[in-house]
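Undergrad: have a look; sequence and predicted model below, questions after that.
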Protein chains: 2
Amino acid sequence: MNLREAFDPPVPAIVLAEGEFGEAGGKTAHGVVMHSDVFDVVAVVDSETVGETPAAVLDSPSAPDVPIVASVAEALEAAPAADVLVIGVAPAGGQLPDAWVRDIETGMEAGCDIASGLHTFLSDDEKWSSLAEACDVRLFDVRKPPASDWLRVADGSVDDVDADADVVLVLGTDCAVGKRTTTYELFAAAREMGRNAGWVATGQTGIMIGAHEGVVVDRVPSDFAAGVVEDLVASVAEDHGLVFVEGQASLTHRAYSGVTLSILHGAWPDAVVLADDPDRHHRAHFEQFDVDGVETERRLIEDLSDAAVAGISTWGAATEQARYDLPAANVYDDGGAAELLAAIDDVLAEERT
Amino acid sequence: MNLREAFDPPVPAIVLAEGEFGEAGGKTAHGVVMHSDVFDVVAVVDSETVGETPAAVLDSPSAPDVPIVASVAEALEAAPAADVLVIGVAPAGGQLPDAWVRDIETGMEAGCDIASGLHTFLSDDEKWSSLAEACDVRLFDVRKPPASDWLRVADGSVDDVDADADVVLVLGTDCAVGKRTTTYELFAAAREMGRNAGWVATGQTGIMIGAHEGVVVDRVPSDFAAGVVEDLVASVAEDHGLVFVEGQASLTHRAYSGVTLSILHGAWPDAVVLADDPDRHHRAHFEQFDVDGVETERRLIEDLSDAAVAGISTWGAATEQARYDLPAANVYDDGGAAELLAAIDDVLAEERT
């Protein structure tokens, strides 16, 4: 899915973040508010932080100064130009609360397209698809995997793009350790330097913030997970000389490692950046699993592919470099992404010789 | 899915193998004819080998001496006691040919339950589900993944079974290299020695021949692939002290490696047996990919899990042992499975000390 192409960016958008703005469950909403190249956020809906500012809630001075309100109706009053409603949170338990149903109806009736990160697909629901038709708006279910007749198994055809494009994959030592942010910041830094860069998302937030291609890989039947990534990389490589790919989880994560390896083998990168939180000893949401760490992950990546690990995108200080004898930078630091980009260029240059 | 429980084995069965009996596409049909603990095959339907014997077509003297006929109607004439029609092949292109439609209708109308290995699910099709109801027969779509509300991500709960049961996973250096056969033969040899063994299938043939639990893992959304294997292993370990698990593909197979790693991490085995064909240099159906081989696969398995590789199930001679300094046996040789079982016991004993 490519929302850059589906919209004429930047398009004014309301972000539904009910109950989770500033919380762990608001990850997609936060990504859209902070980073989207597609959506220009004009209001946030969250009854629990009404009246605060996004900068305060997200603890981030660069957050846009837009109102936080209690409903889509109020958001439309504050920002009548909104063209899209982004559903950036998922309800606990899966069932849509009545207030969200009213919010989505209100958005559609006001002519807003819907970009939904919900686990259940609005476009598969007769009620929502007929309302969308009646309101002449579009429904984008970003988690929805491609139709099965579009899916295929990987066949190594991504190797053909190598002649024309460099592929850089961002992996990590755990979930929620900055892979998507790193991918985006590397892409943005490359663009700033005038490079013809594009990027591939493998999760819903990346699609929402405007990756050049994206599929929520963990929803794809495992047979086709590598194939779908291969297709996405090949597609973005057609128009870009440098392709960044967002990875998921880690090769040593017992719950999700299959997703990770499918992405590594599907993207078949030239270089890998490894995202790491030096203070993480147990896995996020999986306290019972230890984090295996940079050395193990690096060894496995290099054993399972032809790529070299170029550097560490750390949540800690750049001094992590000394610990692993690998370039390290924090992409939240000024120039951090550019430093990692230089490390990537070193690895790519070495591979060419 | 557990067909042992669904039927009262052995149940007399007709196997539909149209166009593929003795061919690569007949893998599931062959497994059922040769090895099923659930189905007692009474006739095979394949218009291309009509009148030959299964022993001749499969080049296997131990194949049952049952008629090969051109249609289910003829099969029912030859073997009126049949209670099940097993669909052991998939049509090229996906669409059911008219002759197969008539065959399935004839089977249902004669009171046969249907065990289907088709990619499309009969039970999802109004036509077939109402006919099944009208005929009072059951439909088993063995490729169908569990309902999404049954699926969960892995959480390491399989570790709790370790105290009571030993888990042995059969992996391999490629697809179609004997993993399912090895798993079954190890299970059968253990049973013969009076061990309380059970086994878990991860592909349709294993389910058809009577695994104690099974799911076609490559059809499961990749997020849940490890979780579903964990559940299957835990379930079989409740009643069995020794659990064999069928693996898929290989960790170095760029198309399917995610499935392989999900099974390794979901089963979290105590020991691994590695199936290998010493003459295979390019991957089956993927000529463009080289086989990485025993040493690489062994190193990765032991790096990615706590299990030791106990031995090689080889398509070649037992002399492969010398090449890799690992016990090796061919399960088609007399006593081959028992030799591998002894190697597994050595590894398990070492882990206990």
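TA: Noted; the coordinates are in hand. Numbering: from 1, shown residues only, chains lettered A, B, ... in the order given.

Undergrad: enumerate every residue touching A:Gln288.
TA: Shown in contact with A:Gln288 (CB atoms under 8 Å, 6 or more residues apart in numbering or on different chains): A:His282, B:Asp155, B:Gly156. Glycine gets a C-beta too; all of them are placed from N, C-alpha and C.

Undergrad: hang on, isn't the first one packed against A:Val291?
TA: Yes: with the criterion set as CB atoms under 8 Å, A:His282 and A:Val291 qualify as a contacting pair; they are 6.7 Å apart.

Undergrad: from A:Gly31, how far off is the closest residue to A:Pro67 other than its chain neighbours?
TA: Among residues not flanking A:Pro67 along the chain, A:Ala78 sits closest, at 4.8 Å (CB to CB, 6 or more residues apart in numbering or on different chains). To A:Gly31, A:Ala78 is 22 Å away according to CB to CB, to the nearest Å.

Undergrad: looking at those two, which one has more neighbours?
TA: Neighbours were counted for A:Ala78 and for A:Gly31 using other CB atoms under 10 Å in any protein chain shown; A:Gly31 has more, 23 against 14.

Undergrad: now do the SS call for that one.
TA: Following DSSP: H, G, I helix; E, B strand; the rest coil, we place A:Gly31 in the helix state.

Undergrad: and it, how far from chain B?
TA: For A:Gly31, the distance to chain B (CB to the nearest CB, to the nearest Å) stands at 19 Å.

Undergrad: give the contact list for that residue.
TA: A:Gly88, A:Arg180, A:Thr205, A:Gly206, A:Met208, A:Ile209.

Undergrad: these in helices, which ones?
TA: Within the contacts of A:Gly31, residues falling in helices by DSSP state H are A:Arg180, A:Thr205, A:Gly206, A:Met208.

Undergrad: thinking again about what came up before, more neighbours: which of A:His282 and A:Val291?
TA: A:Val291 (24 against 12).

Undergrad: which among the contacts of A:Gln288 gets closest to A:Ala24?
TA: A:His282 (15.5 Å; CB to CB).

Undergrad: give me the helices and strands touching the helix or strand bottoming out on mean pLDDT in chain A, please.
TA: Across the helices and strands of chain A, the lowest-confidence element by mean pLDDT, DSSP states H and E is helix A:320-324, at a mean of 82. Where contact means 3 or more CB pairs under 8 Å, 6 or more residues apart in numbering or on different chains; DSSP states H and E, helix A:320-324 is packed against helix A:294-304, strand A:308-314.

Undergrad: just say helix, strand or coil for A:Ser262.
TA: Quick answer, by three-state DSSP: A:Ser262 is helix.

Undergrad: same thing with the one 10 residues further on?
TA: Under three-state DSSP, the three-state class of A:Val272 is strand.

Undergrad: how about the residues of the stretch 51-200 of chain A near chain B?
TA: Within the stretch 51-200 of chain A, the positions near chain B by CB under 8 Å from any CB of the partner chain are A:Pro145, A:Val153, A:Ala154, A:Asp155, A:Gly156.

Undergrad: can you select the buried ones from those in PyMOL?
TA: Per 16 or more other CB atoms under 10 Å in any protein chain shown, the buried members of those correspond to this PyMOL selection:
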select buried, chain A and resi 145+153+154+155+156
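
Undergrad: now do the helix or strand harbouring A:Phe140: distance to the chain's middle.
TA: Per DSSP states H and E, A:Phe140 falls inside strand A:139-141. Chain-centre distance of strand A:139-141: 16 Å, with CA atoms, centre = their mean, to the nearest Å.

Undergrad: quick one: strands adjacent to it?
TA: Here strand A:139-141 is paired, per DSSP bridges, with strand A:113-116 (parallel).

Undergrad: after the strand it pairs with comes which helix or strand?
TA: Strand A:113-116 is succeeded, C-terminally, by helix A:126-135 (DSSP H and E).

Undergrad: strands of the stretch 1-150 of chain A, start to end?
TA: In the stretch 1-150 of chain A, the strands defined using DSSP state E, counting those that start in this stretch lie at A:11-16, A:39-45, A:68-69, A:84-87, A:113-116, A:139-141.

Undergrad: thinking again about what came up before, next step: the contacts of A:Gln288 restricted to strands.
TA: Of the positions in these, A:His282 sit in strands, assigned by DSSP state E.
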